[in-house]
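A.B. asks: predicted model, plus sequence, below.
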Amino acid sequence: MKREGRPGLIARDVDQAAKGSGIEEDLDLTLSTQRISIKSRRDKQVIDITDNVERAVASLGKKEGLCNVFVLHTTAGITTGEAIEGTDEDLMETLERIIPEIRFRHAHDPSHAPDHMISSILGPSLTVPIHNGKLILGTWQRVLLVECNGPRERDVAVTVVPA
Amino acid sequence: MKREGRPGLIARDVDQAAKGSGIEEDLDLTLSTQRISIKSRRDKQVIDITDNVERAVASLGKKEGLCNVFVLHTTAGITTGEAIEGTDEDLMETLERIIPEIRFRHAHDPSHAPDHMISSILGPSLTVPIHNGKLILGTWQRVLLVECNGPRERDVAVTVVPA
Amino acid sequence: MKREGRPGLIARDVDQAAKGSGIEEDLDLTLSTQRISIKSRRDKQVIDITDNVERAVASLGKKEGLCNVFVLHTTAGITTGEAIEGTDEDLMETLERIIPEIRFRHAHDPSHAPDHMISSILGPSLTVPIHNGKLILGTWQRVLLVECNGPRERDVAVTVVPA
């Protein structure tokens, strides 16, 4: 299990990622949303991004409320789980095996249609309570980014709303 | 892929949908929650409701924070994904195929027990950051309502909380 | 279908559950987050925790906004669905059957690796709009805790952020 990625705002990249929403050059996500960029190393990979999210929460400055973690992609997903003892690899293999072998219609490249399926089934959003500026998580619970079509850089938006 | 549905608040219908919560006639969701009603056309259908959600967010007036999209049903779900090139149909077939053929106990109509299963596995809630009154989404990422027991009208609550 | 659990804050237990987050003895979740403790009775069990969540929301005092329900564990998950007519048992059997029989790597006990998989696929967080201090849910829609490794006590954090 590798822990990768670095927090930080790169306005131009966010513009790219958010293009579909009509968000333009004047983008300034620093007030309530912090973009983090996560670099995956393999085609399929479960990445523990808890520390990246924690740093983004710290930089946003709010201490109590909810932290939303949102993946800006259609071939990646987000969830929580253990990130030790092979549980990350178990999760990746399980997700790949769950997707049935159907005749995918997805036009530009049917071979990665299953990646879209895993992404939609896991979902792109996770909302975690924060207390004292820290995520409230269980002892072994980590925030996991599920990469289905790497290696590449992934944009994740971390937003905190106050209680 | 059809894009259907219209935003708008119909207090009486919301009362119906929310009856289980004890929400009564004085219901007024306009301040922080906007109900949108989505009409599905087929039994199984993945519907792109991004534009409906965007309009609801605009009508709520808040510019920065989190937008929650919540489906008030037990045979429909919500997620994100592509809505082009057949990905929507791939998702629907994948979800149907994932549900195993067990001896369902569901009493009043076992034949649509799998619809409840898809609904619970996808989940009813999606939380997306907003910036400048727009959803922050990836380039190809759309908000998808998954209809498992149509055609019918579906109630979706769109709520914005400020950052 | 049993309805179990009681709302209430036990600071020491929350410390235990939240140890991984560095949350220490001065923990006081009463302002925006209320911990509820749910006792499962069986190894695998879908538990309707709607009433527990409703009581936590009432005790937090906020009337309009979003309620986040977050499970502090890696072998339990959260979703919504019907909790009558066997739908709860259908969901549990469906989830168990969905997980493929792979050679799990999970070191300390491979036999419960599938429990982690169900937990990650369902996800730990659910965000529901509230109006007038009540959850906005569909007529038959209930908040369901999915226990995959019981019987035991489960910590669930209920947080309300204002609209």
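C.D. replies: Good, I have the coordinates. Since this is a predicted model, take the numbers as computed values, not measurements.
A.B. asks: just checking, A:R154 is part of a strand?
C.D. replies: Yes - assignment of A:R154 by DSSP: H, G, I helix; E, B strand; the rest coil places it within a strand.
A.B. asks: name the nearest residue to it, sequence neighbours excluded.
C.D. replies: Nearest residue to A:R154, sequence neighbours excluded (CB to CB, 6 or more residues apart in numbering or on different chains): A:I38, at 4.6 Å. From N, CA and C alone the C-beta is placed, and that goes for glycine too.
A.B. asks: the one you found contacts A:V156, correct?
C.D. replies: Yes - in this structure A:I38 lies within contact range of A:V156 using CB atoms under 8 Å: 6.0 Å.
A.B. asks: higher neighbour count, the two?
C.D. replies: Between A:I38 and A:V156, counting by other CB atoms under 10 Å in any protein chain shown, A:V156 is the more crowded of the two (27 against 22).
A.B. asks: what secondary structure does the nearest residue to the more buried one once chain neighbours are set aside sit in?
C.D. replies: Closest residue to A:V156 apart from its sequence neighbours, by CB to CB, 6+ apart: A:I36 at 5.0 Å. Look at A:I36: counting by three-state DSSP, its state is strand.
A.B. asks: how about the CA coordinates for the strand or helix carrying A:L95, as PDB?
C.D. replies: Assessed by DSSP states H and E, A:L95 sits inside helix A:87-98. Only the C-alpha atoms of helix A:87-98 are listed here, as PDB (Å, rounded to 0.1, in the frame of the first residue of the first chain):
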ATOM      1  CA  THR A  87      -7.300  -5.300   2.500                       C
ATOM      2  CA  ASP A  88      -6.600  -2.700  -0.200                       C
ATOM      3  CA  GLU A  89      -5.700  -5.300  -2.700                       C
ATOM      4  CA  ASP A  90      -8.600  -7.500  -1.700                       C
ATOM      5  CA  LEU A  91     -10.900  -4.500  -2.300                       C
ATOM      6  CA  MET A  92      -9.500  -3.900  -5.700                       C
ATOM      7  CA  GLU A  93      -9.800  -7.500  -6.800                       C
ATOM      8  CA  THR A  94     -13.300  -7.800  -5.400                       C
ATOM      9  CA  LEU A  95     -14.500  -4.800  -7.200                       C
ATOM     10  CA  GLU A  96     -13.100  -6.000 -10.500                       C
ATOM     11  CA  ARG A  97     -14.600  -9.400 -10.000                       C
ATOM     12  CA  ILE A  98     -18.000  -8.000  -9.100                       C
END
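A.B. asks: quick one on the thing from earlier: list the residues that contact both of A:I38 and A:V156?
C.D. replies: When contacts are counted by CB atoms under 8 Å, 6 or more residues apart in numbering or on different chains, A:I38 and A:V156 have A:I49, A:N52, A:L145 as shared neighbours.
A.B. asks: helix, strand or coil: sort out the last one for me.
C.D. replies: Using three-state DSSP as the criterion, the local structure at A:L145 reads strand.
A.B. asks: what sits against it?
C.D. replies: A:I38, A:S40, A:V46, A:I47, A:I49, A:V71, A:A76, A:G77, A:I78, A:R154, A:V156.
A.B. asks: before we move on, what about A:I99?
C.D. replies: Counting by CB under 8 Å, 6+ apart, A:I99 touches A:P114, A:M117, A:I118, B:T94, B:I98.
A.B. asks: go again using 6 Å as the cut-off
C.D. replies: Contacts of A:I99 were listed using CB atoms under 6 Å, 6 or more residues apart in numbering or on different chains, and they are A:P114, A:M117.
A.B. asks: orientation of the helix holding A:L95 relative to helix C:87-98 in degrees?
C.D. replies: Angle, helix A:87-98 to helix C:87-98, by axes from the mean of the first three to the mean of the last three CA atoms, to 10 degrees: 100 degrees.
A.B. asks: how about helix A:87-98: buried residues?
C.D. replies: Across helix A:87-98, burial judged by 16 or more other CB atoms under 10 Å in any protein chain shown covers A:T87, A:D88, A:E89, A:D90, A:L91, A:M92, A:E93, A:T94, A:L95, A:I98.
A.B. asks: name the SS class of the residue located most distally from the centre of chain A, please.
C.D. replies: The outermost residue of chain A, judged against the average C-alpha position, is A:R103 (28.1 Å), by CA atoms, centre = their mean. With three-state DSSP as the basis, A:R103 sits in coil.
A.B. asks: please tell me how far it sits from B:K44.
C.D. replies: Per CB to CB, to the nearest Å, A:R103 is found 16 Å from B:K44.
A.B. asks: where along chain A do the helices fall?
C.D. replies: Using DSSP state H, the helices of chain A run over residues A:11-17, A:50-60, A:87-98, A:113-122.
A.B. asks: nearest approach to C:S32 belongs to which of those?
C.D. replies: Minimum separation from C:S32 across the helices of chain A (CB to CB) falls at helix A:50-60, 14.8 Å.
A.B. asks: re earlier: need the contacts of A:L145 in TSV (columns: pLDDT).
C.D. replies: Below are the contacts of A:L145 laid out as TSV (pLDDT from 0 to 100):
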residue	pLDDT
A:I38	97
A:S40	98
A:V46	97
A:I47	97
A:I49	98
A:V71	98
A:A76	98
A:G77	98
A:I78	98
A:R154	98
A:V156	98
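A.B. asks: out of those residues, who's nearest chain B?
C.D. replies: Taking CB to the nearest CB as the measure, chain B lies nearest A:V71 of the contacts of A:L145, at 7.8 Å.
A.B. asks: report the contact partners of that closest one.
C.D. replies: For A:V71, the contacting residues are A:I78, A:P124, A:V156, by CB under 6 Å, 6+ apart.
A.B. asks: mind listing what's buried in stretch A:36-52?
C.D. replies: Residues of stretch A:36-52 classed as buried: A:I36, A:S37, A:I38, A:S40, A:K44, A:Q45, A:V46, A:I47, A:D48, A:I49, A:T50, A:N52 (neighbour count, 16+ other CB under 10 Å).
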